[in-house]
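1. Below is the sequence, then the predicted model.
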Amino acid sequence: MRKGAKMSGDMLQVTLSFGFFIVLIFITGFYCLLVTRNLIRALISIELLMKAVTLLFMVVGYVTNRTALAQGLIITVIVIEVVLAVVVGGVILSIFTRNNSIDASLLKKLKG
């Protein structure tokens with residue numbers, strides 16, 4: 001989209017609709033991350049935050065007509081998301097084998 005160009009009605013409606021859902025997903029993920037003590041739920045909330053970022057890249061790429069750049073960024077975010085999920089999942093599994101619990105409040109007792 002050029003600098004002086006106005007958004008068409010359809011593009012504005014799509015942007016606002018997706019924008020509402022992006023904000024809703026982000027708020028949900030952030031709230032879940034703040035209130036949970038379960039490490040699996042914390043991982044799921046981080047995944048929700050990453051999905052909100054992915055949707056944001058998609059909408060921005062659509063609005064600015066730079067879909068190729070947006071697709072490249074989305075693929076990068078997905079790869080980072082998978083690596084993060086695997087590493088954090090391994091850490092959670094290690095914590096579970098030591099404590100027999102995945103409660104985050106028990107992490108204060110760990111030494112080493």
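-> Okay, I see it. Numbers count the residues shown, from 1 in each chain.
2. who touches residue 26 in this structure?
-> If you count contacts by C-beta atoms under 8 Å, 6 or more residues apart in numbering, residue 26 has them with 48, 49, 52. Placement of C-beta: from N, CA and C, glycine included.
3. One more: residue 106?
-> Under the criterion of C-beta under 8 Å, 6+ apart, the neighbours of residue 106 are residue 99.
4. That one and residue 97: what is the separation?
-> Spatial separation of residue 106 from residue 97 under the definition C-beta to C-beta, to the nearest Å is 13 Å.
5. quick one on the thing from earlier: who wins on neighbours among the contacts of residue 26?
-> Among the contacts of residue 26, the one with the most neighbours (other C-beta atoms under 10 Å) is residue 52, at 20 neighbours.
6. what pLDDT, on average, does the longest helix belonging to the chain get?
-> If you go by DSSP state H, the chain has its longest helix at helix 67-99. Mean pLDDT, computed over helix 67-99, is 95.
7. ditto for stretch 45-55
-> Stretch 45-55 carries an average pLDDT of 96.
8. Now do the buried residues in it.
-> Judged by neighbour count using 16 or more other C-beta atoms under 10 Å, the buried positions of stretch 45-55 are 45, 46, 48, 49, 50, 51, 52, 53, 54, 55.
9. Next up, the contacts around the residue nearest the centre of the chain.
-> When C-alpha atoms, centre = their mean is applied to the chain, the residue found nearest the centroid is residue 50 (1.4 Å). Applying C-beta under 8 Å, 6+ apart to residue 50 gives the contacts 77, 80, 81, 84.
10. Would you show me how to pick out the buried ones of the residues you listed in ChimeraX?
-> Per 16+ other C-beta under 10 Å, the buried members of these correspond to this ChimeraX selection:
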select :77,81
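11. Closest to residue 39 out of the contacts of residue 50?
-> For the contacts of residue 50, the minimum distance to residue 39 (C-beta to C-beta) is 13.5 Å, reached by residue 84.
12. would you list the contacts of residue 26 in JSON lines and tack on distance to residue 34?
-> As requested, these are exported to JSON lines (distance: C-beta to C-beta, whole Å):
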{"residue": "48", "distance to residue 34": "12"}
{"residue": "49", "distance to residue 34": "12"}
{"residue": "52", "distance to residue 34": "15"}
